[in-house]
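Got a predicted structure here, sequence first:
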Amino acid sequence: MNKTKYPLTSAERRFRWWMWFSFFMYAFGLPFFLIFGRQLAAGLNRFPAMIVHNPPWPPAGMGMEVIFWQVLGVSLMAILALVCLFIARDVRRFGPVILALLAAKLVSTLCYGGFYIADGNGTYLVGALTDGFIFLLTAVLWFMASPGDRYLDRHETRVLTAVGEALLPQGGTLPKGYDEAQERCLIETRRMLAAQIEQDVLMTRIMLRLVDVLPFFLGFSRRFHNLAVPARAAFFERMEACRISLVRIMATGLKLYVVAPFFNVPEGEERAADESA
């Protein structure tokens with residue numbers, strides 16, 4: 001049972017449903033793979049024989065060494081089942097634990113894929129496609145659900161604040177800068193995001209993450225939010241004048257999420273009044 005104070009967002013509900021499904025899938029897999037795991041691997045290994053008369057791969061092993069690694073695989077499945085159970089019961093409290101499952105599925109996908117490239121055995125391809133699909137689906141659902149009712153997660157909030165400090169710095173044309181109205185501006189930004197459809201919020205989050213890594217592609221050695229304020233401001237000006245329309249659109253969109261909240265909060269109104277006076 002989820003004990004969060006606020007109702008779950010639609011993205012959190014989808015992620016929670018997937019965690020319940022994953023829990024039962026791994027729980028069912030415990031006895032199934034312990035009893036039939038070797039037979040399943042052998043069956044997949046024999047499948048090429050239906051197409052190729054003499055497949056180059058030897059039969060799947062059935063010895064002690066197979067049982068040894070099979071037990072370790074089943075124990076990992078038990079851990080993943082518990083991870084999914086904890087998250088399903090309380091998405092907001094235990095959601096970040098999903099990184100353990102994602103790490104396991106990423107490693108298995110890369111290993112299966114590497115063995116398939118090296119060996120060509122279709123069994124490895126089945127493993128890579130299966131775990132790769134689980135990894136991608138879980139990662140996407142978690143990414144969409146991770147901010148909860150805040151709309152932006154910590155990293156995205158940090159990037160947006162860095163944009164605000166670059167556009168409205170202390171000592172600029174206004175008496176005070178964005179960072180002094182940061183909390184109120186972020187509240188107003190979340191109100192703006194709350195009025196949008198889920199797809200638009202997702203695109204805003206993706207834009208923030210893209211802008212943060214964009215300096216690497218232009219010769220900088222740091223991410224956007226780690227640059228000094230003057231360097232950030234200069235970089236943002238380059239984005240606004242960039243020949244690539246997508247980059248200009250991102251700059252305009254993020255500027256909207258900074259400037260509009262700044263002048264909608266009382267502090268922003270006072271700053272505007274002082275400037276006009």
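It's in.

only C-alpha atoms for contact and neighbour calcs from this point on.
Will do.

Poorly predicted segments of the stretch 51-200 of the chain, please.
51-65, 172, 175 (pLDDT under 70).

and after the one helix or strand residue 208 maps to, which helix or strand comes next?
Counting by DSSP states H and E, the element that carries residue 208 is helix 198-213. Following helix 198-213 in sequence order, the next helix or strand is helix 229-240 (DSSP H and E).

in that next one, what's buried?
229, 232, 233, 235, 236, 239, 240 (16 or more other CA atoms under 10 Å).

Please tabulate the residues you listed in a markdown table, including the columns pLDDT and distance to residue 212.
As requested, those are exported to a markdown table (pLDDT from 0 to 100; distance: CA to CA, whole Å):
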| residue | pLDDT | distance to residue 212 |
| --- | --- | --- |
| 229 | 91 | 14 |
| 232 | 93 | 10 |
| 233 | 92 | 13 |
| 235 | 93 | 11 |
| 236 | 93 | 11 |
| 239 | 92 | 12 |
| 240 | 92 | 15 |
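
Now do residue 158 against residue 146, distance only.
Distance of residue 158 to residue 146, computed by CA to CA, to the nearest Å: 15 Å.

what does residue 183 give?
In terms of CA to CA, residue 183 sits 20 Å off from residue 146.

which one of these two has more residues nearby?
residue 146 (21 against 12; other CA atoms under 10 Å).

Contact partners for that one?
Shown in contact with residue 146 (CA atoms under 8 Å, 6 or more residues apart in numbering): 12, 92, 95, 96, 153.

Hmm, residue 148 and the second one touching each other?
This means residue 92. Yes. Using CA atoms under 8 Å, residue 92 is in contact with residue 148, at 7.1 Å.

Quickly note the distance from the closest residue to residue 98 other than its chain neighbours to residue 104.
Counting by CA to CA, 6 or more residues apart in numbering, residue 98 lies nearest to residue 83, which is 7.0 Å off, once chain neighbours are set aside. Distance of residue 83 to residue 104, given as CA to CA: 12 Å.
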